[in-house]
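Peer 1: 3D, please:
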Amino acid sequence: MKVGLKLWSTNQQYIKPALDLYEKELFHYIELFVEPHSESFLILWKPLRIPFVLHAPTAYTGLNFSDSRLFETNLSLISTVDAYYRSLNPAFIIFHPGISGEIDETIRQLIAVKQRYPQLFHVGLIENKPKIGLKKEKCIGYSPQQIDRLMSEAGMGFCLDFGHAICAAAAEGCFWKDYVNSFIDLHPKMFHLSDGHVGSILDEHLHFGSGDFDITWILSMLSDNDIVSLETKKDNVNDLNDFNRDVNAIKRIFL
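Peer 2: Down below sits the predicted model:
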């Protein structure tokens, strides 16, 4: 399993501890969340000899493909993602489908943006969402059926977020392992993983062992070559000790 460290593009305080952990082979790549208009921080990330995956801004930071009023704003935010893409040559770029809108609009915008940035979307992945967001909003892309449609009509790959799938299963009243298996059938190219509570409709991003997800079962779905970003929360703004503990917790199960 190829483990990824999730950071934000403005997280310059984590660069040194990240380098230390990378030299110790604790993780294999950085998944970098591109904050809006953060091009000035590229100079910090470009010299690192670490592979990257990018995560585009989300609706909470302004990028919402499901809202027809935001198309021009979305294009502006994608231009920042494109700057990071051209500098860091990421393996993938992950996009959220949007909130409080319609899937038809998400598909329309994805196709339109893809026409303007074909190289960027060549490595684009759509990520599944909980049915209900942290602010109780309706999310697009919460079900296997919606993700299948987004993939086929917008021509994108898929990033499976296990926590989001489990939250959506709770909101739908489905057995979560069956729900996850339906997403697995869509052949994800990479994964997001954290702990949480089965039965909760809200995503929690807990450290491993702090929730009741069957992490052993989840890891049994993965192979040595699968790409998995750990999305557990960070408790300290100055070090990555909690990430270190989470990786070791995963390794004790996976190996």
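
Peer 1: quick one: the helices in the stretch 51-200 of the chain?
Peer 2: 71-88, 103-116, 118-122, 144-154, 162-172, 176-184 (DSSP state H, counting those that start in this stretch).

Peer 1: Out of those helices, which is the most enclosed?
Peer 2: Among these, the stretch with the highest mean neighbour count (mean count of other Cβ atoms under 10 Å) is helix 162-172, at a mean of 24. C-beta coordinates here come from the backbone N, C-alpha and C atoms, glycine included.

Peer 1: which secondary structure elements does it contact?
Peer 2: Secondary-structure packing of helix 162-172 (3 or more Cβ pairs under 8 Å, 6 or more residues apart in numbering; DSSP states H and E): helix 176-184, strand 190-193.

Peer 1: right, and the ones you listed - which one's nearest Y29?
Peer 2: strand 190-193 (9.8 Å; Cβ to Cβ).

Peer 1: residues making contact with the closest one?
Peer 2: Applying Cβ atoms under 8 Å, 6 or more residues apart in numbering, the contact partners of strand 190-193 are 53, 92, 94, 125, 127, 159-164, 215, 218, 222, 226-231, 250.

Peer 1: Generate a ChimeraX selection restricted to the buried subset of the residues you listed.
Peer 2: The buried residues among these can be selected in ChimeraX (16 or more other Cβ atoms under 10 Å) with this line:
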select :53,92,94,125,127,159,160,161,162,163,164,215,218,222,226,227,228,229,230,231,250
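
Peer 1: As a markdown table, the helices and strands packed on helix 162-172 with mean pLDDT and distance to R245 would be great.
Peer 2: A markdown table is the format used below for the helices and strands packed on helix 162-172 (pLDDT from 0 to 100; distance: least, Cβ to Cβ, whole Å):
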| stretch | mean pLDDT | distance to R245 |
| --- | --- | --- |
| helix 176-184 | 98 | 25 |
| strand 190-193 | 98 | 15 |
